[in-house]
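Colleague: please find the sequence and the predicted model below.
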Amino acid sequence: MMIELKNIVKEYHLGLETVHALAGIDLNLDKNEYVAIMGPSGSGKSTLMNLLGCLDTPSEGEYHLNSQNVSEMSDDELAEIRNREIGFVFQNFNLLPRASSLHNVELPLIYNGTPASKRKELAEEALTKVGLSDRMHHRPNELSGGQRQRVAVARALVNNPAIILADEPTGNLDTRTGDEIMDLFEDLHDNGNTIIIVTHEEYIAEHSDRIIRLRDGRVERDEAR
């Protein structure tokens with residue numbers, strides 16, 4: 001089992017008010033699954049994504065990632081897990097505007113201390129894998145929205161992570177370009193990557209093999225497709 005969530009609770013304290021973002025989530029995900037997480041605003045899907053991505057820790061419960069209990073790790077330990085195990089793809093791309101595609105993709109490798117010569121090689125491989133071998137030295141403002149998202153996907157891939165976690169990855173793209181990005185995710189899944197996509201779009205979720213629907217901080221339905 002790659003991911004095991006046991007009775008995950010997440011509470012936020014806003015003044016005198018306590019917000020129950022997650023109210024007891026139990027979830028298991030295997031290696032090479034392709035999962036979509038759906039739910040209305042306030043259902044807890046963003047909170048769950050942050051926990052899965054080791055950007056936050058639960059108030060109660062346990063999260064095991066590749067048999068490691070990450071729910072009790074320090075911030076530094078979580079940062080190391082994120083860099084080694086998780087590749088992130090965001091709706092807004094989150095690229096450095098003045099850096100080339102190649103340098104944007106190299107960033108995770110800089111953080112983990114990969115030597116410069118090896119960084120360049122791995123970044124070139126990742127960009128080639130997403131079909132951007134001819135755009136390596138272009139900056140984000142010289143790329144289309146779809147190409148920027150491909151750079152973001154290459155950056156997510158470059159560390160060979162256990163999980164690719166995508167938050168509304170087609171949210172800023174037109175339908176045709178969004179379909180191209182989803183085709184890319186399908187190719188990555190076919191090549192052995194584990195993919196978790198957070199989305200509110202049914203047609204995006206339908207690319208996955210399993211849809212987990214949240215409501216009021218709980219799993220309302222867990223559907224294999």
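Modeller: Okay, I see it.

Colleague: name the nearest residue to residue 177, sequence neighbours excluded.
Modeller: Excluding the flanking residues, the one nearest residue 177 by CB to CB, 6 or more residues apart in numbering is residue 146, at 3.8 Å. All C-beta spots, glycine's among them, are computed from the backbone N, C-alpha and C.

Colleague: which residues sit against the helix or strand harbouring that neighbour?
Modeller: Using DSSP states H and E, the element containing residue 146 is helix 145-157. Contacting residues not belonging to helix 145-157 are listed as 87-90, 93-95, 101, 104-105, 107-108, 123, 126-127, 129-132, 135, 138, 140, 143, 164, 166, 169-170, 172-174, 177, 180-181, 184-185, 188, 193 [CB atoms under 8 Å, 6 or more residues apart in numbering].

Colleague: go on, stretch 57-65?
Modeller: 1-11, 22, 24-25, 51-52, 54, 69-73, 78, 81, 85, 162.

Colleague: how about low-confidence regions in this structure?
Modeller: The model of the chain has no residue with pLDDT under 70.

Colleague: where along it do the strands fall?
Modeller: 3-14, 17-29, 34-38, 60-65, 68-69, 86-90, 163-167, 194-198, 210-215, 218-224 (DSSP state E).

Colleague: name the helices or strands packed onto the third one?
Modeller: Based on contacts counted as 3 or more CB pairs under 8 Å, 6 or more residues apart in numbering; DSSP states H and E, the elements that strand 34-38 packs against are helix 45-52, helix 175-190, strand 194-198, helix 202-205, strand 210-215.

Colleague: name the strands paired with it and say parallel or antiparallel.
Modeller: Note on strand 34-38: by DSSP bridges, its sheet partners are strand 194-198 (parallel), strand 210-215 (parallel).

Colleague: alpha carbons only: can I get stretch 142-155 in PDB?
Modeller: Extracted in PDB, the C-alpha atoms of stretch 142-155 (Å, rounded to 0.1, in the frame of the first residue of the first chain):
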ATOM      1  CA  GLU A 142       7.200  32.900 -24.600                       C
ATOM      2  CA  LEU A 143       5.000  29.800 -24.100                       C
ATOM      3  CA  SER A 144       1.300  29.100 -24.400                       C
ATOM      4  CA  GLY A 145      -0.700  28.100 -21.400                       C
ATOM      5  CA  GLY A 146      -0.600  24.400 -22.300                       C
ATOM      6  CA  GLN A 147       3.200  24.600 -22.800                       C
ATOM      7  CA  ARG A 148       3.600  26.300 -19.400                       C
ATOM      8  CA  GLN A 149       1.600  23.400 -17.800                       C
ATOM      9  CA  ARG A 150       3.800  20.900 -19.600                       C
ATOM     10  CA  VAL A 151       6.800  22.600 -18.000                       C
ATOM     11  CA  ALA A 152       5.100  22.300 -14.600                       C
ATOM     12  CA  VAL A 153       4.500  18.600 -15.300                       C
ATOM     13  CA  ALA A 154       8.100  18.100 -16.300                       C
ATOM     14  CA  ARG A 155       9.200  19.800 -13.000                       C
END
